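Novice: Just the structure for this:
(one chain, ligands or ions: 1)
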Amino acid sequence: MKVTARKPVIAGNWKCFHTHLTAIQVVQKLSYQLDPSDYDATEVVVCPAFTALRSVQTTIESDRMHIRLGAQNVYWEPDGAFTGEISAPMLAKLNVSYVIVGHSERRQLFGETDEWVNRKAKAVLANGMIPILCCGETLEQREAGETASWVAGQIAAGWQGVDPADIARSVIAYEPIWAIGTGRNATPDDANETIGSIRAAVAEAYGEPTASAVRIQYGGSVKPGNIADLMAQPEIDGALVGGASLDPDDFSKIVRYRH
Ligand code: PGA
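Specialist: Numbering: from 1, shown residues only. A predicted model of the protein is given here:
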């Protein structure tokens, strides 16, 4: 049994899946399968598409569920003529607790830069929410031995100008790009090693107390069958789960990995 003061956070990233109607069903079924001891042990987060946030929020609140609400993206300006964007104050008003920033799909498919990711993280923090800052290397970078320096660079850029106290309450998601949606996950040892290197880089830049407080998740083909081995690693503080979070049976098994 590992001993850490950090409460694990397991978050479901639903990506561009589930209408608001199916999202309500998923969160209801998920809640039904979890009990208070699960929430004591782990923070449980679902990150629906923007169109389902309000419905999932009201479902969570009317049934007094302990599931936390997350968003998958945000724009950094509070308001203005930015057609199609959603701001941090809009998310905060929906009682969103967590916001994913810099997911590799946004970086690769939508051209998000480190500078944008940094602005987004700051907007999330300024509005009282917790950013889940994503980092991760390509297969080529891994094979070239560049993983640790690459992810440390992404983290440093994402947190530029952010107060260490804010970093301490934030979440980092280490998601090797080659493991996302491929069924090919990093071995628990490899994930632990890279996450340890991220924590060491955080310690060097912001001090030991910040590094020992920040929670670092693993993401990339997390499933009911591999979560327990990942969570047994001392550096891994939870998971960011894509495909397997869409199904409440699978996601509840992941949350209940201790059973
Ligand atoms: P996956 O996605 O679990 O489907 O690999 C993880 C993610 O992209 O956050």
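
Novice: which ones are touching Cys47?
Specialist: Counting by C-beta atoms under 8 Å, 6 or more residues apart in numbering, Cys47 makes contact with 11-14, 69-72, 98, 100. Yep, even glycine has a C-beta here, placed from its N, CA and C like the rest.

Novice: The helix or strand hosting Pro209: which residues count as buried?
Specialist: Element membership for Pro209, per DSSP states H and E: helix 208-213. Under the neighbour-count criterion of 16 or more other C-beta atoms under 10 Å, helix 208-213 has 210-211, 213 buried.

Novice: Could I get those in JSON lines, plus columns for distance to the ligand?
Specialist: Below are the buried residues of helix 208-213 laid out as JSON lines (distance: C-beta to the nearest ligand atom, whole Å):
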{"residue": "Thr210", "distance to the ligand": "24"}
{"residue": "Ala211", "distance to the ligand": "23"}
{"residue": "Ala213", "distance to the ligand": "23"}
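
Novice: before we move on, back to that, which strands and helices lie in contact with the helix holding Pro209?
Specialist: On a contact count with 3 or more C-beta pairs under 8 Å, 6 or more residues apart in numbering; DSSP states H and E, helix 208-213 meets helix 164-168, helix 188-206.

Novice: Please enumerate residues in contact with the first one?
Specialist: Counting by C-beta under 8 Å, 6+ apart, helix 164-168 makes contact with 125, 159, 202, 206-207, 209-210, 213-214, all of which sit outside it.

Novice: Check the last one too.
Specialist: Outside of helix 188-206, the residues that reach it under the criterion C-beta under 8 Å, 6+ apart are 135, 147-148, 151-152, 155-156, 159, 164, 167, 172, 174, 176, 185-186, 210-212, 214, 216, 218, 226, 229-230, 232-236.

Novice: now the closest residue to the ligand within the chain, nearest residue through space, not along the chain?
Specialist: The minimum distance from the chain to the ligand, using C-beta to the nearest ligand atom, falls at Gly242 (2.2 Å). Leaving aside its chain neighbours, Gly242 sits nearest to Asn13 (5.1 Å; criterion: C-beta to C-beta, 6 or more residues apart in numbering).

Novice: give the contact list for the one you found.
Specialist: Taking C-beta under 8 Å, 6+ apart, we find Asn13 in contact with 47, 70, 72, 100, 103, 219, 240-242, 245.

Novice: Ramachandran coordinates for it?
Specialist: With angles defined as degrees, to the nearest 10, Asn13 sits at phi -100, psi 100.

Novice: re the thing from before, send me the helix holding Pro209 as PDB with only the CA atoms.
Specialist: This file holds the C-alpha atoms of helix 208-213, laid out as PDB (Å, rounded to 0.1, in the frame of the first residue of the first chain):
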ATOM      1  CA  GLU A 208       9.800  20.600  -2.700                       C
ATOM      2  CA  PRO A 209       6.400  21.500  -0.900                       C
ATOM      3  CA  THR A 210       4.900  22.400  -4.300                       C
ATOM      4  CA  ALA A 211       6.200  19.200  -5.900                       C
ATOM      5  CA  SER A 212       5.000  17.000  -3.100                       C
ATOM      6  CA  ALA A 213       1.500  18.600  -3.300                       C
END
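
Novice: mind checking how far that helix is from the chain centre?
Specialist: Between the centre of helix 208-213 and the centre of its chain there are 18 Å (C-alpha atoms, centre = their mean, to the nearest Å).

Novice: any idea which helix or strand comes after it?
Specialist: Later in the chain than helix 208-213, the nearest helix or strand by DSSP H and E is strand 215-219.

Novice: if we can go back for a sec, who wins for proximity to Phe110 among the helices and strands packed on helix 208-213?
Specialist: Smallest distance to Phe110 across these (C-beta to C-beta): 23.8 Å, for helix 188-206.
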